[in-house]
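J.: Mind looking at a prediction? Sequence and model below.
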Amino acid sequence: HKLYDRTARSINASIELFQQAILLDPGLVLAYTGLADAYNLLTAYGNLSGPDAAAKMEPVLEIAFGLDPNLAEVHNSMGAMNENAGDLLGAEEAYRMAIQLNPNYALAYMWLGNLLINQSRLEEAGDEFRKALQLDPLHVIVNINVARVEMFTGNFAAGLKHLDHAIELAPDSAHAHARKSYWMSQYGYLDEALNSARKAVEIDESGVQNLVNLAYVHMVQGDLEAARALIDQTIRSNPNNWQVHWLASEYYLLSNEYELMDQYTSERLAILLETGEKSRDLKVAYLSAGLAKLVNNEYPLAIAYLDRAERIEYQLEVSKELQIKVLRALAYEKNGQSNRADSLIDESLEYSIRMGNQGWQEPDMVVNQASVFAVKGDHEKALELLDKAVRLGYSQYLALEHDPRWEELRDRQEFIQMVDSLKQPR
């Protein structure tokens, strides 16, 4: 029950209970897998990095595997351990083994779906989430993940239905309210997004995801002062959370504080390099540091950092992956390397089309697709796609005003009118 609540407080409480269960019965396999799963969830809801979680999970799961190597729960937890360690192939093999051992194990389908969606395999992920939903239609987190697929594919109404169902099932789930808030903000329902974000914090005021989400909604609304207060609060309590550091770098960008952005992102990158971090956190740090160098006109360093972000195998959300590609092209163009920039724009366009054909159609993805054409110089197509994103609900006018990908459009009357319209209550 504690593990199911998906808050740092409840997950830490579950760790204590699982440890007590192991002391009382050292042969209880599910106590070991439950403990491992708790460490895994702290990477999302607490202050534990993926590699640190994998290190904590490994000895626990060695014991569990020794007790029962044919238990689906053991292999499912091993999949999560491998995923945290960056072994994505091993993770998929373990999840599929869990399903083979127990085809009715909904959690294995859900965690496999999470892995697939993180690898940009949207259709496959949707299939796995729907299998999990069929097996356990009353599972709150399964409903939230089905909603995620619907939202990524532009099916807002279907996604909202599953989010509302999750909240009906668990009205006190901070996670459900936070996820609803995030997607409402993505699709332009900012008042509803703010209400849901505040509800999540009211339920769990210490949850890093809830604080980050509320800060994000304030940022989308243009309330940078409120966003900054929450970012500072979250960094003090959760200094290892990658999302809050990304949000902090975005704050400096949107506030036009480019030198502070450069200083902040450079310090964050140095910390991660010192710790030997090699996965998602480092990729995001290279992205934010590269963007900071780009807006500060330090193009060779921008190229170096963005190239390194591209080379890290861990997959961010598709819209972020496309952002990296387009920023790389822009950095090379600014550095006078037009041939390389043209090649990267062609790669970006191919990736954009391929991902669009696979179903990625949420507003943020459409905006990033527009940025390909903005940097390419096809301003009419860029404006056409921006208009599509706005009609879907995109409302982040500060990003349009400060992101360097839009600089060539900022004198266009259509662009000016679009940004002005986003500043009005919707």
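T.: Everything's here; your move. Numbering: from 1, shown residues only.
J.: C-alpha only now, for contacts and for neighbours.
T.: Noted.
J.: quick one: contacts for the residue nearest to residue 390 when sequence neighbours are not counted?
T.: Closest residue to residue 390 apart from its sequence neighbours, by C-alpha to C-alpha, 6 or more residues apart in numbering: residue 363 at 7.4 Å. Taking C-alpha atoms under 8 Å, 6 or more residues apart in numbering, we find residue 363 in contact with 154, 186-187, 389-390, 392-394.
J.: Could you export the residues you listed as TSV, including pLDDT and neighbour count?
T.: Listed next are the contacts of residue 363 as TSV, based on pLDDT from 0 to 100; neighbours: other C-alpha atoms under 10 Å:
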residue	pLDDT	neighbour count
154	93	20
186	94	23
187	96	22
389	96	23
390	95	21
392	95	19
393	94	21
394	95	23
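J.: Mind putting the residues you listed into CSV with secondary structure?
T.: Formatted as CSV, the contacts of residue 363 follow (DSSP: H, G, I helix; E, B strand; the rest coil):
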residue, secondary structure
154, coil
186, helix
187, coil
389, helix
390, helix
392, helix
393, coil
394, coil
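J.: just the helices in the stretch 301-426 of the chain please.
T.: 318-334, 338-357, 363-376, 379-392, 397-402, 413-422 (DSSP state H, counting those that start in this stretch).
J.: where's the most centrally placed residue in the chain relative to residue 172, distance?
T.: Nearest to the centroid of the C-alpha atoms of the chain, with distances taken as C-alpha atoms, centre = their mean, sits residue 317, at 6.0 Å. Between residue 317 and residue 172 the distance is 28 Å, computed by C-alpha to C-alpha, to the nearest Å.
J.: so how many other residues sit close to the nearest residue to residue 240 once chain neighbours are set aside?
T.: Nearest non-adjacent residue to residue 240, counting by C-alpha to C-alpha, 6+ apart: residue 47, 6.0 Å away. Applying other C-alpha atoms under 10 Å, we find 19 residues neighbouring residue 47.
J.: Would you confirm that residue 47 contacts residue 238?
T.: Yes - using C-alpha atoms under 8 Å, residue 47 makes contact with residue 238 at a distance of 5.6 Å.
J.: Now do the contacts for the residue nearest to residue 240.
T.: By C-alpha under 8 Å, 6+ apart, the residues touching residue 47 are 238-241.
J.: before we move on, the earlier item: so the residue nearest to the centre of the chain touches residue 122, yeah?
T.: No - at 10.5 Å, residue 317 and residue 122 do not qualify as touching, with contact defined as C-alpha under 8 Å.
J.: contacting residues around stretch 92-106?
T.: For stretch 92-106, contacts defined as C-alpha under 8 Å, 6+ apart pick out 70-76, 78-79, 108-109, 111-112, 115, 131-133, 135-136.
J.: Also stretch 210-217?
T.: Counting by C-alpha under 8 Å, 6+ apart, 174-175, 178, 181-182, 185, 190, 193-194, 197-198, 200-201, 204-205, 226-228, 230-231, 234, 243-244, 247 sit against stretch 210-217.
J.: Quick check on the residues you listed: which are buried?
T.: 174-175, 178, 181-182, 185, 190, 193-194, 197-198, 200-201, 204, 227-228, 230-231, 234, 243-244, 247 (16 or more other C-alpha atoms under 10 Å).
J.: mind listing what's buried in stretch 279-296?
T.: Neighbour-count burial for stretch 279-296 [16+ other C-alpha under 10 Å]: 279-295.
J.: again, but for stretch 14-33
T.: 14-15, 17-19, 21-22, 28-33.
J.: And for stretch 229-245?
T.: Under the neighbour-count criterion of 16+ other C-alpha under 10 Å, stretch 229-245 has 230-235, 238, 240-245 buried.
J.: Among those residues, which are located in helices?
T.: 230-235, 242-245 (DSSP state H).
J.: Hmm, which of these is lowest in pLDDT?
T.: Of all those, residue 242 has the smallest pLDDT value, namely 80.
J.: which element is the residue nearest to it when sequence neighbours are not counted on?
T.: Distance criterion C-alpha to C-alpha, 6+ apart; nearest residue to residue 242, sequence neighbours excluded, is residue 281 at 5.5 Å. Residue 281 is located in helix 280-295, with elements delineated by DSSP states H and E.
J.: Distance from the chain centre to that helix, please.
T.: 15 Å (C-alpha atoms, centre = their mean, to the nearest Å).
J.: and what of stretch 289-301?
T.: 23 Å.
J.: Equivalent analysis for stretch 383-392, please.
T.: Worked out by C-alpha atoms, centre = their mean, stretch 383-392 lies 23 Å from the chain centre.
J.: buried sites along it?
T.: 383, 385-390, 392.
J.: for stretch 300-309, same thing?
T.: So stretch 300-309, judged by 16+ other C-alpha under 10 Å, has buried residues 301-303, 305-307, 309.
J.: So which of the helices of the stretch 301-426 of the chain is nearest residue 51?
T.: helix 318-334 (21.9 Å; C-alpha to C-alpha).
J.: so what does the closest one touch, helix or strand wise?
T.: With contacts taken as 3 or more C-alpha pairs under 8 Å, 6 or more residues apart in numbering; DSSP states H and E, helix 318-334 sits against helix 280-295, helix 299-311, helix 338-357, helix 363-376.
J.: switch to 6 Å and redo it
T.: helix 299-311, helix 338-357 (3 or more C-alpha pairs under 6 Å, 6 or more residues apart in numbering; DSSP states H and E).
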